[in-house]
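> Sequence plus the predicted model coming up.
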Amino acid sequence: MRTSQKFPHLSQPILGCVAVLFLLSADSAPAPGPRGSSPPPAESSSAQPAPSARGSYIVQGNELPRVVKAVEAVGGEITHRLGVIRAVGARLTPGQRAALERSPAVRRIWDDRPVHSMSDEDSDSDSDSDSDGDSDSDGDSDSDGDSDDGSGNDGSSDDGDPAGCAVTGAPAAEFGNKHFKWEITNASPHDLSIDAIALEWPAGNGDLKSLKNGSKKIYDQQQPPAAVAIASGWKGNAGDRAIGEGQSRELKVEFKDGADPAAAYALAVVFAEGCTAALAWGDGSGDGDGYDDGGDPKAKDTFYPTQVGADLLHLEGLTGTGVTVAVIDTGLWGKGGGQNFLRKDTLGNERILVAYDARTDSLQDPKNFGDGSGHGSHVTSVLLSSRKSVGQNGFQGSYNGIAPDASLVAIKAFDGSGNGTYLDVIRGLDFVVNYKDAYGIRVLNLSFSGEVRSHYW
């Protein structure tokens, strides 16, 4: 039995991120360059003052071409072109900056400042990379072969249940002629109320006929096989779906034609107070039915999907297929061959559409992208690791990532110590906006912090 926070949208695929930006703009984007080619190189002025006298700045105007000309006219060195905010990154002497502040083409000038992908404490303890900045033996595991979530622990969550919400479930269900029963115990200091139920069952059982919480029938709308997510249409009142403090109730699931005890099932019960009880079991035949087989015997459950309810979507076959996620961070471990669970989806297909280094303004080989910090690989593993644990003692194995079949655009804007700059991060954002349509980017993850320098551009 596993617990998680309530997931109210059972019928919608969800991608959980530390910080997420949905790219809703319909602006047209330039066609992406060929795989492995570099974007246009940064421009610089031929007449340059002494580098020691220069500082790094963000120079913004109303029109990017006019800003470029203004910086070149005073002899500044352009290091970044940032169309997304109509600005350039430039190295300027104090005199050049003063001249640009008087230019009608320039609206604002800011100092470029550091940005960090993690705290100083994390940068010392959070790196799981080896000496060359890449992953160890399998590209997504630590030295003992367990699931590597990039946090330096054993791959399991320490978040626990939501405060005041705790349930336990029997390790197995009890079968009758046309039904099965599963006992759930409320270990919370208050009553719990069933808010949603996700169920998957074999087609041979026929339609789902009804659900009972103890002696109370709570659902009687017949549903065809082989999966359903129920969040409405309840029979009776909310009290009928309650489990009292310290009490146990048997959830009875009744089918029309029968209940095959040797077949594969999955059941998740979501409570309004914020926790979930889940159980799954199957025939263990390794026939690709998704139960108790096909997992990695070295993997452990991370419980990230259960914390946001994505495990319920996985039961319905919603695993992120067709969605592209962009991650701006420290890079990505790309080695590991057939066992790299970051680079490949659940079917073993390569999923990295492009790897871009915003620091050098260049495209990279995804297999050799590297991550000297481990932070980017950690964040990406939470999002979409395709590694799956093996079901044990009647429990179903689960994916380590929230959206294990999503595609990925990997962007590096930080070094091996997790340090970057405003300019490089904004150049990474500029790349995402420019190519969001070409790569189908629908989600952007930003997991970093920095000193506030201005309003939002």
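Perfect, thanks for sending it.

> Just want the most central residue of the chain.
Here the mean C-alpha position of the chain is nearest to the C-alpha of Leu383 (C-alpha atoms, centre = their mean), at a distance of 2.0 Å.

> tell me which residues in stretch 237-252 are buried?
Within stretch 237-252, the residues scored as buried using 16 or more other C-beta atoms under 10 Å are Asp240, Arg241, Ala242, Ile243, Ser248, Arg249, Glu250, Leu251, Lys252. (Glycine included, C-beta is placed from N, CA and C.)

> Name the SS class of the first one, please.
The three-state label given to Asp240 by DSSP: H, G, I helix; E, B strand; the rest coil is helix.

> Kindly report the same for the last one.
Using three-state DSSP, the structure places Lys252 in strand.

> How much space separates Pro404 from Ser398?
According to C-beta to C-beta, to the nearest Å, Pro404 stands 10 Å off from Ser398.

> quick one: common contacting residues for these two?
His314, Lys388 (C-beta atoms under 8 Å, 6 or more residues apart in numbering).

> pretty sure the residue nearest to the centre of the chain contacts Ala403?
Yes - assessed by C-beta atoms under 8 Å, Leu383 is found in contact with Ala403 at 6.3 Å.

> pLDDT of whichever helix or strand Gln96 is part of, averaged?
Element membership of Gln96 [criterion: DSSP states H and E] is helix 94-101. Mean pLDDT, helix 94-101: 95.

> mind pulling up the phi and psi values for Pro65?
Per-residue torsions, Pro65: phi -60, psi -40 (degrees, to the nearest 10).

> can you map out the helices along the stretch 251-400 of the chain?
304-308, 310-315, 375-384 (DSSP state H, counting those that start in this stretch).

> Helix or strand next in line after the longest one, which one?
Read in the C-terminal direction, the helix or strand following helix 375-384 is strand 407-412, with elements assigned using DSSP H and E.

> Low-confidence ranges, the stretch 151-300 of the chain, go.
For the stretch 151-300 of the chain, the stretches with pLDDT under 70 are 151-164, 280-297.

> burial count for the spatially closest residue to Pro94 that is not a sequence neighbour?
Nearest non-adjacent residue to Pro94, counting by C-beta to C-beta, 6 or more residues apart in numbering: Ala53, 7.3 Å away. Ala53 has 12 neighbours, counted by other C-beta atoms under 10 Å.

> Same question for Gly214.
Applying other C-beta under 10 Å, we find 16 other residues in the vicinity of Gly214.

> wait, it sits on Ala242?
No - with contacts counted by C-beta under 8 Å, Gly214 stays clear of Ala242, the gap being 9.6 Å.

> and stretch 404-421, how far from the chain's centre?
Put simply, stretch 404-421 sits 13 Å off its chain's centre (C-alpha atoms, centre = their mean, to the nearest Å).

> hey, C-alpha coordinates of it in CSV?
Written as CSV, here are the backbone C-alpha positions of stretch 404-421 (Å, rounded to 0.1, in the frame of the first residue of the first chain):
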residue,chain,number,x,y,z
PRO,A,404,8.0,8.6,-18.2
ASP,A,405,7.1,8.9,-21.9
ALA,A,406,7.4,12.6,-22.3
SER,A,407,10.0,14.0,-24.8
LEU,A,408,12.8,16.2,-23.6
VAL,A,409,14.6,19.4,-24.6
ALA,A,410,17.7,19.6,-22.4
ILE,A,411,19.3,23.0,-21.9
LYS,A,412,22.4,23.7,-19.9
ALA,A,413,22.8,27.1,-18.3
PHE,A,414,24.8,26.2,-15.2
ASP,A,415,28.3,24.8,-14.6
GLY,A,416,29.3,21.8,-12.5
SER,A,417,28.9,23.7,-9.3
GLY,A,418,25.4,24.8,-10.1
ASN,A,419,26.4,28.4,-10.9
GLY,A,420,25.2,30.5,-13.9
THR,A,421,24.3,34.0,-14.9
